[in-house]
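**Q** here is a sequence with its predicted model. Questions after.
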Amino acid sequence: MKNKMKELEDKIINLGVARGYLPEFFEDNGDKQFITQYLRLLKEIGEAADEIRAGNKEAFEMELGDCLVLLTNLDYIVDVVGCRSAYSSYFEDVESSVNNLMCVAEHTFDTRYFDNTVAEERCLKLAYNKISRRDGVLINGDFFKKGDREYIEYFKNK
């Protein structure tokens, strides 16, 4: 099971590098990319919490998958940039928040998420399938999909 999860994480990282929102090398502005991915994760954590409150298990699993994608991205960035110690408190805080969300979701949906590789892989795969088919554009090192305010503004001003 771990091998499938690792393959999926590698696909997520390769997609991010190919699209330009993850650094390929140390010199590729990893600090800025870490902050961008970190802020995106905070947003996704809120969206996942909203789905728990609404009692929408399927939508929660998609949002949890998005959170897991962003955790994968952050973990990759700190490895590439080589400054895990500088970002460790940020990373530990958001990782803990995602774990706490999974625990709350377990009680809400009567499904085991926390420390369950099968559930994590299912959610991660849902999110990867969604983002891998997404069209969008890189703006200032951040990827925006069609319909995002930034995407619309970018093309309106061109």
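**A** That came through, no problem.
**Q** can you pull out the helices in the chain?
**A** In the chain, the segments counted as helices under DSSP state H are 2-19, 30-54, 57-81, 84-109, 117-132, 149-156.
**Q** take the ones you listed and write them to JSON lines, including distance to residue 140 and mean pLDDT.
**A** For the C-beta atoms, the positions are set from N, CA and C on the backbone; glycine is no exception. Formatted as JSON lines, the helices of the chain follow (distance: least, CB to CB, whole Å; pLDDT from 0 to 100):
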{"stretch": "helix 2-19", "distance to residue 140": "14", "mean pLDDT": "91"}
{"stretch": "helix 30-54", "distance to residue 140": "9", "mean pLDDT": "92"}
{"stretch": "helix 57-81", "distance to residue 140": "16", "mean pLDDT": "93"}
{"stretch": "helix 84-109", "distance to residue 140": "20", "mean pLDDT": "88"}
{"stretch": "helix 117-132", "distance to residue 140": "19", "mean pLDDT": "92"}
{"stretch": "helix 149-156", "distance to residue 140": "9", "mean pLDDT": "88"}
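**Q** so which of these is the most surrounded?
**A** helix 57-81 (a mean of 22; mean count of other CB atoms under 10 Å).
**Q** format the helices of the chain as CSV; extra columns: distance to residue 139.
**A** As requested, the helices of the chain are exported to CSV (distance: least, CB to CB, whole Å):
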stretch, distance to residue 139
helix 2-19, 12
helix 30-54, 11
helix 57-81, 17
helix 84-109, 23
helix 117-132, 16
helix 149-156, 5
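**Q** give me the most central residue, the protein.
**A** By CA atoms, centre = their mean, the chain has its centre lying nearest to residue 70, at 2.0 Å.
**Q** what's the closest non-adjacent residue to it?
**A** Spatial nearest neighbour of residue 70, excluding adjacent residues (CB to CB, 6 or more residues apart in numbering): residue 41 at 3.9 Å.
**Q** swap in residue 15?
**A** Nearest non-adjacent residue to residue 15 (CB to CB, 6+ apart): residue 132, at 5.9 Å.
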